[in-house]
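*Asks:* Sharing a model that was predicted from the sequence below.
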Amino acid sequence: MTDATARPVAKLPVQALPWLPRPASKMRDRLAALPADVIEALGAMRALAQAGWEEAELRQLGRKISSILKSAPDSFAADAREQGLVPIHLLMLSASTASHLADAIVGTAIRFGFLLQVTIAEYEEPEPWLARHRDELKRTPPDFVLIASDNRMLRLASPLGDEDAATRTIEAVLAQVMRIAEVAAGATGKPVILQTLADDPDAPQINMDRGLPGSPRHLADEFNRRLALQVRQAGHLLLDVEGLASLVGQSVWSAGRYWYAAKYPFAVAMAPLYADHIMRIVAAQMGRSRRVLVLDLDNTVWGGIVGDDGIEGLALGTGSPLGESYAALQRMALAWKERGILLCISSKNDETIALDAFRHHPEMILREHDIVAFRINWDDKAANIKAIASMIDLGLESFVLLDDNPAERKRVRDALPAVAVPELPDDPSEWISVFQAAGYFEQISFSQEDRLRAGMYKANARRVAQLERIGDHDDYLRSLDMTLAIAPFDQPGRKRIAQLIAKSNQFNLTTRRYSEAEVAALQANPDAVTVQARLADMFGDNGMISAVICHTNGKQWKVDSWIMSCRVLGRRVEEAILQHLVRAARAAGASELIGRYIPTARNGLVRDHFAKLGFARISEEPNGETIWRLDVGQYLDKELPMKIEAAAPAGSASAA
Amino acid sequence: MDVVFNNTQTRILDRLQEIFRSELDDDDLIIGMDTRQADLKAWDSLAHIRLVSSIESEFDFQFSLAEIEEISSVRQFVDAIRSHLP
């Protein structure tokens, strides 16, 4: 209970990021005591950033990071990457003041493992700014552009009661914002982050206004709705500022005096929350969103201690207010499962007693089949979470632990800093709002695979059981009755392909990220050969599990990206895809395949990918990058333990 | 008698010193009661607002819009802070 005194007494507002532990001292004292070594200092600041600092202190942290980055030697980026700190560059376009937000965003970024450099364009319409800086943007494109539009930039206004005029106004403003986004995307080649518009609490707002065309609230509503749809269709990213403002309350969100004094777009104290949301989206786009929710049992999933109180003594479900609140928490977990989040249980308990309650308590909402992995024993919680991570083959940075016990929370935070462990209010009825506000499971797109994911992981667990029974690996693979469907990129697969490209970190040879728009462009590119592959077997459909992009150049095909879901490791899928590529290359008259491996902190798994496939290494660069060659004439067809259904690869027919 | 102690001019000046160093991004900066906005290049209009918001959060009160506009020296900050503290 070491941290008990640091826990909040009063209920914290959302903008204080209540899911983070409270800081134990002053930021400036902590910054004064940083280690001298740059990498060590950044590591210490990453740890500092895990607390819920208020705006002024968060800015101090951000400023310190920026000054360290500015004076750091060139060689340091590789060292930082090794520590899991990834440098990224954000361009923020605002018609209001935004420079005061830069430091807060930098200070927040390191909490997510990013070393952020921010360029701010403020007080100006974005279009002329982008036009003026076109060459610079081409030369050193930022990784992300945020179009921080607000009422000042958009100037939504239309005569009251005139529906046609309101529609025209909204469409014109929407076209303007989307044009800015296209210009930015064209200049940087990256998806753009666009914002919804917060209601203006200073504008006239009466109850009927949502239905009154031309009223400020109607205009904002309609604009936001259409913007969200267009952003999704265009493959851009949405920052829902209106959602944030309504979460904290419009009048709290509003800049008030600071608008008049300095044209701040929203209140100073909102900066940590705003920055947190920007980084959630960035992290999700960079493949760093969390995917696993580990739940404790006693006093988390149900009220009481099952070993002491027995099944009938637990508070759960109808009959008591406390029981209702635990049932609501279970419903929340189930709602996340519907969005593709894997649920696991880790509890210090007698396994037989706890599982009996889980299976047989009449008010349980979570059922055994909702849970991907159980670890119920008396071992250390951190060790159990590590065990779950290796069971389901996902990194600890994908994990969130929900646990009522402050000592366990602290233990897991200390032992496994990569795992997110939300601080919780004392009263369980307040947990859900804090947990939801933390936004651990940010997603940038939704595909059918997301809904099926839990089933796929469970099917995997059954496959492991079958392998144990059969013993010989090839016999086992044949027994799975696999069908691999290979096709070029197409429109129906595009969302999932983009998701695979955004999220895969381990089986990813070059870790090049492409947006949905870029994936669409590849599909139409006659010099690109693309492969998407789906794998089904007797236990179920694994969905789309691999994507490969090659660029053709006469007799040489270069493998730009090769990505596979780790769910299907060891199934010889990569060999089947190579065979497909070799046949396509031969048909197109090409003579060699060139592969590249770019090492990252997380893709050591595929260091020998090309070697295993029979490629010869032709060069190695100082940073560990290797280049490989396969003579397609020398390749011998293999007997593979699966049925292959291949559609003709696009682009190959016309290649030389 | 903590409140009285916190209200003394030197005590406030000590806390302002740290805020000025942070917000004007100058670890060696030394301010005095007679330091004026015109004396410090880094104390521009945006830095002024950052000072205001940092002081508001450090001392837990709000300046009036008129004060934000009028203040242009350390002495004025100290006087305004004293008038807002209990």
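*Replies:* In hand now; what should we look at?

*Asks:* near chain B, which residues of chain A?
*Replies:* A:28, A:54-56, A:59-60, A:63, A:97, A:99-100, A:257-258, A:260-262, A:264, A:268-269 (CB under 8 Å from any CB of the partner chain). The way it works is simple: take the backbone N, C-alpha and C, and place the C-beta from them, glycine included.

*Asks:* Would you mind listing which of these are buried?
*Replies:* A:28, A:54-56, A:59-60, A:63, A:97, A:100, A:257-258, A:261-262, A:264, A:268-269 (16 or more other CB atoms under 10 Å in any protein chain shown).

*Asks:* Next, give phi and psi for the closest residue to A:L239 other than its chain neighbours.
*Replies:* Distances taken as CB to CB, 6 or more residues apart in numbering or on different chains place A:Q195 nearest to A:L239, at 4.8 Å, with adjacent residues excluded. Here is the backbone geometry of A:Q195 (degrees, to the nearest 10): phi -110, psi 140.

*Asks:* need the contact list for A:Q195.
*Replies:* The contact partners of A:Q195, by CB atoms under 8 Å, 6 or more residues apart in numbering or on different chains, come to A:146-150, A:238-241.

*Asks:* Can you name the residues in contact with stretch B:50-65?
*Replies:* By CB under 8 Å, 6+ apart, the residues outside stretch B:50-65 that reach it are A:54-56, A:59, A:100, A:257-258, A:260-261, A:268-269, B:15-16, B:19-20, B:22-24, B:43, B:68, B:71, B:77, B:80-81, B:84-85.

*Asks:* and stretch A:482-502, C-alpha only, in PDB?
*Replies:* The C-alpha trace of stretch A:482-502 is given here as PDB (Å, rounded to 0.1, in the frame of the first residue of the first chain):
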ATOM      1  CA  MET A 482      -5.800 -25.100 -44.600                       C
ATOM      2  CA  THR A 483      -6.900 -23.000 -47.600                       C
ATOM      3  CA  LEU A 484      -4.900 -20.000 -48.500                       C
ATOM      4  CA  ALA A 485      -6.600 -17.500 -50.800                       C
ATOM      5  CA  ILE A 486      -4.200 -15.100 -52.500                       C
ATOM      6  CA  ALA A 487      -5.300 -12.100 -54.500                       C
ATOM      7  CA  PRO A 488      -4.000  -8.600 -55.400                       C
ATOM      8  CA  PHE A 489      -5.100  -5.700 -53.300                       C
ATOM      9  CA  ASP A 490      -8.700  -4.800 -53.900                       C
ATOM     10  CA  GLN A 491     -11.300  -2.400 -52.700                       C
ATOM     11  CA  PRO A 492     -13.100  -4.700 -50.300                       C
ATOM     12  CA  GLY A 493      -9.800  -5.700 -48.600                       C
ATOM     13  CA  ARG A 494      -8.400  -2.200 -48.500                       C
ATOM     14  CA  LYS A 495      -9.400  -1.300 -44.900                       C
ATOM     15  CA  ARG A 496      -7.900  -4.500 -43.500                       C
ATOM     16  CA  ILE A 497      -4.800  -4.200 -45.600                       C
ATOM     17  CA  ALA A 498      -4.300  -0.600 -44.300                       C
ATOM     18  CA  GLN A 499      -4.900  -1.900 -40.800                       C
ATOM     19  CA  LEU A 500      -2.400  -4.700 -41.200                       C
ATOM     20  CA  ILE A 501       0.200  -2.200 -42.500                       C
ATOM     21  CA  ALA A 502      -0.500   0.200 -39.600                       C
END
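
*Asks:* And it, how far out from the chain middle?
*Replies:* Taking CA atoms, centre = their mean, to the nearest Å, one finds the center of stretch A:482-502 at 19 Å from the center of the full chain.

*Asks:* how many neighbours does the residue lying closest to A:L509 once chain neighbours are set aside have?
*Replies:* Distances taken as CB to CB, 6+ apart place A:W562 nearest to A:L509, at 4.4 Å, with adjacent residues excluded. By the criterion of other CB atoms under 10 Å in any protein chain shown, A:W562 has 27 neighbours.

*Asks:* and A:W562, what are its bridge partners?
*Replies:* When bridges are called by DSSP bridges, A:W562 pairs up with A:V548.

*Asks:* I figured it hits A:V548, correct?
*Replies:* Yes - when contacts are counted by CB atoms under 8 Å, A:W562 is listed as touching A:V548 (5.0 Å).

*Asks:* buried sites along stretch A:400-417?
*Replies:* A:400-406, A:408-413, A:416-417.

*Asks:* actually stretch A:299-317, sorry about that
*Replies:* A:299-304, A:306, A:311, A:314-317.

*Asks:* Which pair in the residues you listed has the greatest spatial separation?
*Replies:* Farthest-apart pair in those is A:T300 and A:I311; separation 16.3 Å (CB to CB).
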